[in-house]
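# only the shape, not the letters, is given here:
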């Protein structure tokens, strides 16, 4: 079970809504499995069907995490018209087995859903998310 602070859930959802019709993406930083900060990233794809964290953003953020002694604990992105479940492309591009993959679905814009998954060697395992 992963506890996601309400403010982070709202920030992910706000980011997703601000990028419609395209998918958004960002990184979740923390320590000892707890989120401490979200980093909004530019998606190099600018697509409603896939995301790709801009490499410049990723390098800058990873350096900052190293300086702070934080870990990359998650990667988030949105699905603008489908459920919050990893697509085939999401699985193929899941290069960080130590990170949770958070997906916010705007399939029902009035009721966004955030789910999280471990994606390791192509295997998907859902991690319960509690927003508190």
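Yep, it's here. Given the structure is predicted, the values throughout are model-derived calculations rather than measurements. Numbering: from 1, shown residues only.
# residues in contact with the nearest residue in space to residue 19 that is not next to it in sequence?
Take residue 19 and drop its neighbours on the chain: the residue closest to it by Cβ to Cβ, 6 or more residues apart in numbering is residue 78, 6.8 Å away. Backbone N, C-alpha and C define where each C-beta goes, glycine included. Contacts of residue 78 were listed using Cβ atoms under 8 Å, 6 or more residues apart in numbering, and they are 15, 16, 19, 23, 24, 25, 51, 103, 104, 105, 106.
# quick test: name the residue nearest the centre of the chain.
For the chain, the residue nearest the mean C-alpha position is residue 76 (0.5 Å; Cα atoms, centre = their mean).
# next one, pLDDT for it please.
Looking at residue 76, its pLDDT is 98.
# and the next element down the chain from the helix or strand hosting it?
Per DSSP states H and E: residue 76 is located in strand 71-79. Following strand 71-79 in sequence order, the next helix or strand is helix 88-92 (DSSP H and E).
# buried set for that following helix?
Buried residues in helix 88-92, counted by 16 or more other Cβ atoms under 10 Å: residue 90.
# pairing partners for the helix or strand following that helix, with directions?
Moving toward the C-terminus from helix 88-92, the next helix or strand (DSSP H and E) is strand 100-105. In the sheet, strand 100-105 lines up against strand 71-79 (parallel), strand 113-120 (antiparallel) (DSSP bridges).
# need those strands in a markdown table with distance to residue 47, can you?
Output for the strands paired with strand 100-105, formatted as a markdown table (distance: least, Cβ to Cβ, whole Å):
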| stretch | distance to residue 47 |
| --- | --- |
| strand 71-79 | 11 |
| strand 113-120 | 20 |
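# tell me which of those strands lies nearest to residue 62.
strand 71-79 (7.1 Å; Cβ to Cβ).
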